[in-house]
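# mind folding the following:
(one chain, ligands or ions: 1)
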Amino acid sequence: MRPARALIDLQALRHNYQLAREVTGAKALAVVKADAYGHGAVRVAQALEAEADGFAVACIEEALELRAAGIRAPVLLLEGFFEADELPLIIEHDFWCVVHSLWQLEAIEHARLSKPLTVWLKLDSGMHRVGLHPKDYHEAYQRLLASGKVAKIVLMSHFARADELDCVRSNEQVAVFEAARQGLSAEVSLRNSPSVMGWPSVSSDWVRPGIMLYGATPFGEDQAIAARLQPVMTLESKVISVRELPAGEPVGYGAKFITPKPMRIGVVAMGYADGYPRHAPTGTPVLVAGQRSQLLGRVSMDMLCVDLTDVPQAGLGSTVELWGKNILASDVAAAAETIPYQIFCNLRRVPRLYSGA
Ligand SMILES: Cc1ncc(COP(=O)(O)O)c(C=O)c1O
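Residues are numbered from 1 along each chain as shown. As a prediction, the model looks like this:
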């Protein structure tokens, strides 16, 4: 059997969830959209359900998958409904629903609902993606109340630059949010992972951690809480072939790496078809037989090459960690000029093996 696999440590996941709660003292919706950032939404939700205050997903299809697996906890649809005809299903399954646009508000006003909805009313406080304009916020809140179709409203917004610790934009967004919600007495939800980890002064009854649950930092720099996260996913495989090459020999597609000296090279069963980033360059860290080494040359679809020259204990069958507890996914992502969010979400083909359930 091909040795590529992703080991998912559910105990680490629970640790990270508890950390988000501990550092904020808030209720936490575990963000499990996009198949829990590649970790498997159902298994992740099952592992957290006993303690989680709820879950957040991108769309009703993802929410229904959780209900079908028996998850009974609250599930928030982060973009609400895409079409008004989703409303009966939202009611039937007790999903919580973001309202980010006036057309959604109107759809609720016109809908016949058998039960009242829980709405998270989203303000565009400066990210300019989705969310109501501040001038419309109060009126939208009052219209939802007046519709008689809403049982509870939570006031929410989302940060665009909370992963930049020296940037004032998050403070500006908080100021816009505070001004827009003046006079409204309702719970508040502002904080995603970077805000949970890096912006302790932001108050938020509900937090919405995603990437930190999976043990990866959204920050490009060192940051105190990042050191307390436990990586959840270990992507590993094995060396399936070993080459001894003299100096001056090309390695892999496009001859992107030429041996500068005699080298020992290991071929690993892992490639971009598994989600390993094709743009990871020579020098991207890997762990081979317990020792740090580096990627060499271009990543192929099913294989990649690593340097065994100074890893004498490594050979055929040696285990290679591509990311995990030793090689941080955020470091691999940075080397490939992307973010850990994307490399997790790109995971495919490799079986996921769970522990710590
Ligand atoms: C509205 C909202 N809240 C929370 C999150 C979780 O963000 P993070 O993974 O940075 O914690 C996301 C993710 O994109 C989001 O869109």
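
# could I get the full set of strands for the stretch 101-250 of the chain?
Taking DSSP state E, counting those that start in this stretch as the criterion, the stretch 101-250 of the chain contains strands spanning 117-122, 150-156, 188-191, 206-207, 233-245, 250-251.

# paired strands for the second one, with orientation please.
Partner strands and pairing direction for strand 150-156 (DSSP bridges) are strand 117-122 (parallel), strand 188-191 (parallel).

# can you check the last one too?
In the sheet containing strand 250-251, its partner strands are strand 257-258 (antiparallel), by DSSP bridges.

# pipe the strands of the stretch 101-250 of the chain into JSON lines and attach mean pLDDT per row.
Output for these, formatted as JSON lines (pLDDT from 0 to 100):
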{"stretch": "strand 117-122", "mean pLDDT": "98"}
{"stretch": "strand 150-156", "mean pLDDT": "98"}
{"stretch": "strand 188-191", "mean pLDDT": "98"}
{"stretch": "strand 206-207", "mean pLDDT": "98"}
{"stretch": "strand 233-245", "mean pLDDT": "98"}
{"stretch": "strand 250-251", "mean pLDDT": "98"}
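
# now these as TSV including mean neighbour count and distance to residue 350?
Using the backbone N, CA and C atoms, a C-beta is placed for each residue, glycine as well. Below are the strands of the stretch 101-250 of the chain laid out as TSV (neighbours: other C-beta atoms under 10 Å; distance: least, C-beta to C-beta, whole Å):
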stretch	mean neighbour count	distance to residue 350
strand 117-122	24	34
strand 150-156	19	35
strand 188-191	25	32
strand 206-207	24	31
strand 233-245	19	7
strand 250-251	17	23
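
# with respect to residue 46, which of those lies nearest?
Closest to residue 46 of these, according to C-beta to C-beta: strand 233-245, at 16.5 Å.

# by contact count, what packs against that closest one?
On a contact count with 3 or more C-beta pairs under 8 Å, 6 or more residues apart in numbering; DSSP states H and E, strand 233-245 meets strand 5-9, strand 263-268, strand 319-323.

# now find how far off-centre that strand is within its chain.
Centroid separation for strand 233-245 versus its chain: 27 Å, with C-alpha atoms, centre = their mean, to the nearest Å.

# partners of that strand in the sheet?
Strand 233-245 has the following sheet partners, assigned by DSSP bridges: strand 5-9 (antiparallel), strand 263-268 (antiparallel), strand 319-323 (antiparallel).

# redo the ones you listed as TSV? Include distance to residue 338 and mean pLDDT.
TSV is the format used below for the strands paired with strand 233-245 (distance: least, C-beta to C-beta, whole Å; pLDDT from 0 to 100):
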stretch	distance to residue 338	mean pLDDT
strand 5-9	18	98
strand 263-268	20	98
strand 319-323	12	99
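
# now those as a markdown table including distance to residue 63 and mean neighbour count?
Conversion of the strands paired with strand 233-245 to a markdown table gives the following (distance: least, C-beta to C-beta, whole Å; neighbours: other C-beta atoms under 10 Å):
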| stretch | distance to residue 63 | mean neighbour count |
| --- | --- | --- |
| strand 5-9 | 21 | 22 |
| strand 263-268 | 37 | 22 |
| strand 319-323 | 29 | 23 |
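
# brilliant, that's me finished.
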